[in-house]
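Asker: the sequence and its predicted three-dimensional model are supplied below.
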Amino acid sequence: MKVVGLTGGIGSGKTTVIKMFAALGVPVYIADIEAKKLTNSSPVIREKLIKLLGNEAYQNDELNRKFVAEKIFNDKNLLEGVNAIIHPEVGLHFEKWREQQTSDYVIKEAAILFENGSYKNCDVVILVTAPEEVRIARVMKRDGVTKSQVEERIKNQWPDSKKKELADIIIENIDLEDTQKLVNQIHLSLS
């Protein structure tokens, strides 16, 4: 069974493309959603995060996201420490999930697939892109934020130019009809 990594910058339309693959019956693993679940359910993650950040990391048996965000916002070492705790557990969880699937391929969606190196564990990597002005407009509409707030988020991600060098397939997600056609073609080639 092939593992297809799918990634893209904020506002590129990863979720839209994921829904297209899911509609074709492809099992999809969304790493960010699973990571959020695991931070609350995994005793291993809980123990390590409390050791790293203190008891305030959890409140009412759930990760205290506001506290954690404030701690790691300006501390690159703490951010790396948190990622070093969570990413391996998500990787193990993905492998267990994958073993339960029966399709020709599965999709692992992760916003930082390249940044955290997990693209190396994929057979094929799809990068979803769109022009920056389109991405900014999408995120402003979706999240109700300002242009400068979106630009700040974009600045914290790898540029598409760097991601394109590592991607096997690029989906330029501007026109939904064209995107759907491309998804169908990719699906046929992977099945």
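Answerer: Looks like it arrived, so ask away.
Asker: next, the buried residues of stretch 102-114.
Answerer: Tyr105, Val106, Ile107, Lys108, Glu109, Ala110, Ala111, Ile112, Leu113, Phe114 (16 or more other CB atoms under 10 Å). To be clear about C-beta, it is placed using only N, CA and C from the backbone, and glycine gets the same treatment.
Asker: could you count how many residues lie near the nearest residue to the first one once chain neighbours are set aside?
Answerer: When you say that, I think you mean Tyr105. Once flanking residues are discounted, Tyr105 sits nearest to Lys2: 3.9 Å by CB to CB, 6 or more residues apart in numbering. A count of nearby residues for Lys2, using other CB atoms under 10 Å, gives 13.
Asker: I'd assumed Ile126 was in contact with Lys2.
Answerer: No: the criterion here is CB atoms under 8 Å, and Lys2 misses it with Ile126 at 11.7 Å.
Asker: among the buried residues of stretch 102-114, which lie within strands?
Answerer: Tyr105, Val106, Ile107, Lys108, Glu109 (DSSP state E).
Asker: now Leu79, nearest residue through space, not along the chain?
Answerer: Closest to Leu79 by CB to CB, 6+ apart is Ile72, at 4.3 Å.
Asker: test my guess that the one you found contacts Asn83.
Answerer: No: counting by CB under 8 Å, Ile72 stays clear of Asn83, with 9.0 Å between them.
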